[in-house]
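Peer 1: Have a look at this fold, sequence not included:
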């Protein structure tokens, strides 16, 4: 079968398409024909070496497809069923080994490509608005990169819970997408002082929470945008990791809360996985959220997918279709 392999850490050029043996599912594993694999910033962190991986490896931690073989000691899954997964490496391939413990069945009414696009970002948005800082009616959130895959999902979920959204974007097209998703106010971060604009839009109070997946380039503005005792949820670092922070800054800025959550720590049990994935699929089927696929790529275009994502040339979710 064909698969993308990374033999050495580096830029997008290290993504190489090659032929590998079709794996046999071991105990607790499913072998899945991959219909689509999600492209996420965590893939770029693993490819570059920012997140350590055992080399060589096949990137891609999210996908969906049809089960073609079931390993020993697997209950509840059968050949022919459609499944989706996240937090499992190896999805940039025609077939993937998926632990049954991390797989969920895709319900009727949800396309496989939609499921692949929804798992990692959908469950991340889920824990951010339900666990990290549960949004309540009337609260205001600042969402960075509001036209990206995560930004669009967060905006829709915050609005569904009665919250208000201030989004940051860089272009007219991205502003249109963010407003279509429900954003109440938009700040062009390339043209304005984000924190000053937030203060103006909130009559000097600041926002209740900032959902920040950008990191280094937005961190200072995120802190400066919060109300006293507000929360900064730093869930990603697309612009690079944030340098070390003196905790005294949180005190002087208003007894702020700072957290660096990750999806893995919010999927500690099977019950939690089923809850989060089940809610995401339900939101899709009821129209609470719309998954926007902004670009699809073949396996041999994986390098371009990473270049486009890191170059901020994309909106919505990117998929690789083997």
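Peer 2: Looks like it arrived, so ask away. Owing to the predicted nature of the structure, the values given are computational and were not obtained by experimental measurement. Numbering: from 1, shown residues only.
Peer 1: Quick check: phi and psi on residue 184?
Peer 2: Main-chain dihedrals, residue 184, degrees, to the nearest 10: phi -80, psi -40.
Peer 1: Report the contact partners of it.
Peer 2: 164, 165, 166 (Cβ atoms under 8 Å, 6 or more residues apart in numbering). No exception for glycine: its C-beta is placed from N, CA and C like everyone else's.
Peer 1: cool, residue 177 as well?
Peer 2: 147, 152, 169, 292, 315, 316.
Peer 1: Tell me how far the residue nearest to the spatial centre of the chain lies from residue 236.
Peer 2: In the chain, the centroid-proximal residue (Cα atoms, centre = their mean) is residue 121; its distance is 3.0 Å. As judged by Cβ to Cβ, to the nearest Å, residue 121 and residue 236 stand 10 Å apart.
Peer 1: what do you get for residue 161?
Peer 2: For residue 161 relative to residue 236 (Cβ to Cβ), the value is 21 Å.
Peer 1: Residue 91 now?
Peer 2: 19 Å.
Peer 1: Of those two, which one has the most company?
Peer 2: residue 91 (30 against 23; other Cβ atoms under 10 Å).
Peer 1: secondary structure class for the nearest residue to that one once chain neighbours are set aside?
Peer 2: Nearest non-adjacent residue to residue 91, counting by Cβ to Cβ, 6 or more residues apart in numbering: residue 60, 3.1 Å away. Classification of residue 60 by DSSP: H, G, I helix; E, B strand; the rest coil places it in coil.
Peer 1: Kindly report the same for residue 31.
Peer 2: Quick answer, by three-state DSSP: residue 31 is strand.
Peer 1: is it true that it touches residue 95?
Peer 2: Yes. Using Cβ atoms under 8 Å, residue 31 is in contact with residue 95, at 6.0 Å.
Peer 1: any shared contact partners between these two?
Peer 2: With Cβ under 8 Å, 6+ apart, residue 31 and residue 95 have common neighbours 22, 23, 68.
Peer 1: one step back: so which of the contacts of residue 177 belong to strands?
Peer 2: If you go by DSSP state E, the contacts of residue 177 have residue 169 in strands.
Peer 1: Before I go, just wanted to say thanks for your time.
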